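Trainee: only geometry, no sequence info:
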Ligand SMILES: C[S@@+](CC[C@H](N)C(=O)[O-])C[C@H]1O[C@@H](n2cnc3c(N)ncnc32)[C@H](O)[C@@H]1O
């Protein structure tokens, strides 16, 4: 039996962030070798018999972290089809696992399973994160579910999910030499277009998409993926444990009906085209219908909320300004006059929209100036002017924002891009601060400039210790950021040391959950360093990664992305070593070199 027959071992929870959706923590670098999960894989998706026993921590799932203390060392997820649903003071399911074993699952969640009561149907599949074999008092063995966000119910039988997983392995994954069109089964390197509905299947053209849709079952697969948020499930990196991943609680089934209807008409081929074997374009999905709603948000006025599942890299909004306002004129009353004059030139409808925006400055200035000061968004990072945007101005702030606002000079519009997958119903947020400093710095600045107390995910970290850890990381990042220009433009650049600093920054971004354009900037620094050191090989790789990160945060048409793409294309002839992923990363960052 157990290792510790007298007193049970303690499993230490490493839940640093609450309510994380299944999402991808990988950097764009890792994304370029990304694989989709294989649901048949029994290491990650074990059958009941292979689950660890509750009182006997299995060291292939946990690692020791002290005397009789264990912590999770990887992710795992149990998949089984529901064969019986009962309510006996709490929800109780009997499920059939991959090996055909019947397993009871009892809901010991706060609401005793109420949340799942109407979704649990015979023939649907239940997914449970991190379960172990529990010995119930009555003598049976099964799963005791305590955390509702570790459970998800998918409206399809298990064998259908397995078959979908096989198709994902064949058609969604980039394999050496190209990607396979789901319509004609031909492998291609360039010119494939992605299904805009699910973002996971690729086609040569509309004819192939029609074949895939009508004859090869994509109509059903696409709906299944979208309505159950399965793309994120397939993408999660399961062997690297940093902290727990959760399923966000069930999405209403109607969430993507409008998108589904549009896809139904086969009008939804994405414009994201692959070129040169790179997959940055994969991250630019096109959503057929406006993917957001503007609606009231508790204690924030109005805000923007996702009205469908929005994949990472999606351009959520592209909006021209109503008018521009100077940002560098210290003479406030002169700026006030300019604003009043610009507003008077707007049409009646534009004025109605403008005066509906929020004014946090009361009677300090004219109403028009108060609205402008509250809502203006910068037109470029060092821009001397800002713009007023009827829609983008409704987006609220978060220090751990899920979207990025960028002024795109090439198209004369402000763009908002999803920095990670955003769930239906989740608020879309941007960061109002030029840099994210420590908790105190952020709070002071937001109170002074925008007159609110931030209660975002980062500012509400559950304990002082995790906030302190986050502050330490953010301070380290500020220091590293200040060090890098000196290294870049110094007399003697020591490539290995300088790259080490960039790598530390990227590690800190990952630990902190930062996924915005800072990542592109860090890779751009690495690119500049490699150039200074005449290291064309690494310059090519860093340019590629900087470009991919720009595509996610700003879109492939942003001036910075276009510039980076040129840097990549100029090095088309440069050969990079062909190594496996780990060895490649070691080579890239000059690990082990003296
Ligand atoms: C550009 S407006 C954003 C849209 C605004 N909520 C509305 O109703 O039009 C900026 C103002 O929204 C509010 N706001 C933005 N982010 C917030 C947050 N995280 N918490 C509370 N209020 C916020 C603050 O009053 C801030 O000055």
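Mentor: Alright, I've got the coordinates. Bear in mind the structure is a predicted one, so any value in this text is a computation, not a measurement. Numbers count the residues shown, from 1 in each chain.

Trainee: can you pull the poorly scored residue ranges out of this protein?
Mentor: 1-34, 66-68, 176-177, 189-190, 236-238, 242, 248-289, 382-383, 489-493, 594 (pLDDT under 70).

Trainee: wait, what's in contact with the closest residue to the ligand within the chain?
Mentor: Of all residues in the chain, residue 301 sits closest to the ligand, at 2.6 Å by C-beta to the nearest ligand atom. C-beta: built from backbone N, CA, C; applies to glycine. By C-beta atoms under 8 Å, 6 or more residues apart in numbering, the contact list for residue 301 reads 358, 396.

Trainee: so what's the residue nearest to residue 389 when sequence neighbours are not counted up against?
Mentor: Closest residue in space to residue 389, ignoring its immediate chain neighbours: residue 319 at 5.0 Å, by C-beta to C-beta, 6 or more residues apart in numbering. Neighbouring residues of residue 319 by C-beta under 8 Å, 6+ apart: 389-392, 413-414, 416.

Trainee: assess the claim that residue 410 and residue 563 are in contact.
Mentor: No - using C-beta atoms under 8 Å, residue 410 makes no contact with residue 563, being 10.6 Å away.

Trainee: doesn't residue 406 fall inside a helix?
Mentor: No - when DSSP: H, G, I helix; E, B strand; the rest coil is applied, residue 406 is found to be strand, with no helix at that position.

Trainee: excluding residues flanking it in the chain, which one is nearest it?
Mentor: With sequence-adjacent residues excluded and distances taken as C-beta to C-beta, 6+ apart, residue 406 is closest to residue 554, at 4.5 Å.

Trainee: what's the burial count for the one you found?
Mentor: 24 (other C-beta atoms under 10 Å).

Trainee: residue contacts, it?
Mentor: For residue 554, the contact set (C-beta under 8 Å, 6+ apart) comprises 404, 406, 408, 415, 417, 517, 520, 560-561.

Trainee: highest neighbour count among those residues?
Mentor: Neighbour-wise, the contacts of residue 554 (other C-beta under 10 Å) top out at residue 417, 29 neighbours.

Trainee: for that one, what is the enclosing helix or strand?
Mentor: Secondary structure from DSSP states H and E places residue 417 in strand 413-418.

Trainee: direction included, what does that strand pair up with?
Mentor: Counting by DSSP bridges, the strands paired with strand 413-418 are strand 315-319 (antiparallel), strand 403-408 (antiparallel).

Trainee: including distance to residue 234, could the ones you listed go into a markdown table?
Mentor: Shown next, in a markdown table, are these (distance: least, C-beta to C-beta, whole Å):
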| stretch | distance to residue 234 |
| --- | --- |
| strand 315-319 | 22 |
| strand 403-408 | 23 |
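
Trainee: quick one: these as a markdown table, columns for distance to the ligand too.
Mentor: Listed next are these as a markdown table, based on distance: least, C-beta to the nearest ligand atom, whole Å:
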| stretch | distance to the ligand |
| --- | --- |
| strand 315-319 | 13 |
| strand 403-408 | 11 |
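
Trainee: of all those strands, which one comes closest to residue 168?
Mentor: In terms of C-beta to C-beta, the element of the strands paired with strand 413-418 nearest to residue 168 is strand 315-319, at 24.6 Å.

Trainee: so how far is that closest one off the chain centroid?
Mentor: Put simply, strand 315-319 sits 17 Å off its chain's centre (C-alpha atoms, centre = their mean, to the nearest Å).

Trainee: how about that strand: buried residues?
Mentor: Of all the residues in strand 315-319, those buried under the rule 16 or more other C-beta atoms under 10 Å are 315-319.

Trainee: for the residue nearest to residue 406, phi and psi?
Mentor: The phi/psi pair for residue 554 (degrees, to the nearest 10) reads phi -130, psi -20.
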